[in-house]
Every structure is written in structure tokens, then in C-alpha cells.
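Here's a sequence, model it:
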Amino acid sequence: MDQLRLAVAILGSFAAVGLGQARVVTAPPEPSLLNLTDGWSRASSLGDLRELKTASDHIELRVWAGFGMMSTQGVVLRRAGGQWTAFLATVRRCEIQIPKSVADTASRATMQYYVAEARRQCATPRAEVGAGARIITADTLVVEHLDVSDSLIADAWEAAVRAGVSQLPGSVRRDASTSSDFTYVVELRRGNEYRASQVDHVEAAEAAADRHVREVYAAISSILPPDRLLKP
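Numbering: from 1, shown residues only. Alright, predicted model coming up:
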């Protein structure tokens with residue numbers, strides 16, 4: 001009987017915590033901007049949302065915006081252990097200079113080292129580009145905990161649900177090609193289910209998802225100070 005209780009306890013612990021990658025319900029077709037957001041998240045304290053080991057009642061919503069000439073940032077709402085927390089993740093471009101002669105002969109491992117150095121020296125002011133120099137760039141994600149009450153975060157989540165965050169398609173099919181300097185990438189994890197959407201911002205909504213993604217973005221951005229809000 002004691003062994004049976006132990007087996008049930010072990011099975012219960014496996015059921016409560018997700019093992020490995022979540023089941024993907026919806027996602028944009030490849031290539032997509034998820035390749036960027038996944039890379040940024042994986043290298044930060046956020047972690048890859050699809051691969052996180054989570055409890056069955058875990059809720060996490062990440063809404064990324066930008067990706068054009070302007071900066072890119074993500075607002076994160078997370079409920080773990082019954083507690084809400086929120087984060088602002090901002091993409092920062094990091095740069096260093098190396099001699100062109102070094103760059104032309106550098107191995108892949110050496111270039112990876114310089115990319116890591118660019119991230120490490122990210123706070124260093126950029127110097128003028130010298131003659132015969134090559135710029136090595138790397139993006140890094142700066143994650144800030146937002147000092148927002150549980151109730152405000154919960155309200156933002158409920159507003160996003162009412163806006164249809166769970167019904168967003170993986171992408172929106174356009175009748176003609178569009179070029180947008182502002183794109184929304186929405187990631188939602190509920191327990192072991194993962195949903196992702198990529199929708200370009202358009203001035204006049206062409207599909208229901210265009211309206212819904214704006215409402216979702218407005219809902220979660222309500223927890224940000226006005227001067228931190230990234231606008232199309």
C-alpha cells in the first residue's frame with residue numbers, strides 16, 4: 001500500500017508539471033518572427049514559452065510588438081502558483097567593432113565569441129566606426145519586472161480573453177502583399193497548450209483578427225505607463 005501511495009504521488013507530480021514541449025494548437029507558418037522571439041526568450045530569464053515546465057493551471061501571455069525600424073518589446077502576463085506577475089521585455093541592439101582582417105578569417109566559434117562579447121558590452125557607448133573595422137551586432141532581451149498589482153494584471157488578462165486572444169489564428173491571409181513596420185506576435189500558454197499568432201498592423205482592418213489583435217494589445221498594454229507604450 002505504501003508503494004502504491006508513492007506511485008500515485010509520483011504520477012501526480014508528473015501530471016502537475018509539464019514535461020517537455022507544450023502541444024502547439026495554432027502557430028504562424030514558417031518562416032515566422034517566432035524564430036526571433038524564441039531566441040530572445042531562450043537567452044533571457046523568460047525562457048522559451050513552448051518548452052517551459054509548468055503546472056497544469058499555469059497561464060502566460062506574451063504580446064510582442066514592433067519588428068520594423070522602431071524598437072521591439074513584449075509585455076508578459078504570468079500566473080504561476082495562483083499569483084500574477086508582469087514583465088516588460090525590451091530588445092536592445094548590441095554592437096562591437098573588430099578588425100575586418102579578423103572578421104574575414106574568423107571561424108564560426110570565433111564569431112560566436114564576438115557575438116557574446118557584443119552582448120556583454122551592450123551598455124558601452126558606441127564608438128565611431130574606424131577604418132578597416134567591421135561591426136558585429138547582436139540582440140539581447142532586457143526583462144523588467146513591472147510593479148503592478150495582482151488585480152490590475154488579472155483585469156488585463158480578462159480583457160485580453162474578452163478580446164479573443166484564445167481565438168486568434170496563426171496568421172491572417174491577405175488578398176495582396178502588405179509591408180508593415182509594426183507587427184504583433186502573440187504567444188499564449190495555458191497548462192500544456194500553446195498558441196501563437198503573427199499579425200501585421202494595418203490601418204484599416206481587413207479581417208476580424210486585425211481588430212482582435214489590436215484589442216488584445218490594448219488590453220495588456222493598459223498596465224504600462226503611457227511613456228513605455230510602443231505605438232504603430
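
all helices for the protein, in order.
Per DSSP state H, the chain carries helices over the ranges 2-16, 34-42, 100-105, 108-120, 150-162, 208-221.

Check what pLDDT Gly68 gets.
For Gly68, the pLDDT comes out at 82.

Put together CSV for the helices of the chain, with mean pLDDT, mean neighbour count and distance to Tyr194 on each row.
C-beta: built from backbone N, CA, C; applies to glycine. Listed next are the helices of the chain as CSV, based on pLDDT from 0 to 100; neighbours: other Cβ atoms under 10 Å; distance: least, Cβ to Cβ, whole Å:
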stretch, mean pLDDT, mean neighbour count, distance to Tyr194
helix 2-16, 32, 10, 18
helix 34-42, 94, 18, 11
helix 100-105, 81, 12, 38
helix 108-120, 76, 14, 27
helix 150-162, 98, 16, 16
helix 208-221, 97, 20, 16
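
between these, which one is nearest to Gln83?
Nearest to Gln83, of all those, is helix 150-162, at 6.8 Å by Cβ to Cβ.

Report all helices and strands that the closest one contacts.
Other helices and strands packing on helix 150-162, by 3 or more Cβ pairs under 8 Å, 6 or more residues apart in numbering; DSSP states H and E, are strand 59-67, strand 73-80, strand 83-99, helix 208-221.

switch the cut-off to 6 Å
When contacts are defined as 3 or more Cβ pairs under 6 Å, 6 or more residues apart in numbering; DSSP states H and E, helix 150-162 sits against strand 83-99, helix 208-221.

now it against helix 208-221, angle please.
Here helix 150-162 points in a direction 180 degrees away from that of helix 208-221 (axes from the mean of the first three to the mean of the last three Cα atoms, to 10 degrees).

Convert helix 150-162 to CSV, retaining C-alpha atoms only.
In CSV, the C-alpha atoms belonging to helix 150-162 read as follows (Å, rounded to 0.1, in the frame of the first residue of the first chain):
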residue,chain,number,x,y,z
ASP,A,150,-2.4,41.4,-9.0
SER,A,151,-5.8,42.8,-9.6
LEU,A,152,-4.7,45.1,-12.5
ILE,A,153,-2.8,42.2,-14.1
ALA,A,154,-5.9,40.0,-13.7
ASP,A,155,-8.1,42.7,-15.2
ALA,A,156,-5.7,43.0,-18.2
TRP,A,157,-5.8,39.2,-18.7
GLU,A,158,-9.6,39.1,-18.6
ALA,A,159,-9.8,42.0,-21.1
ALA,A,160,-7.4,40.0,-23.4
VAL,A,161,-9.7,37.0,-23.1
ARG,A,162,-12.8,39.1,-24.0
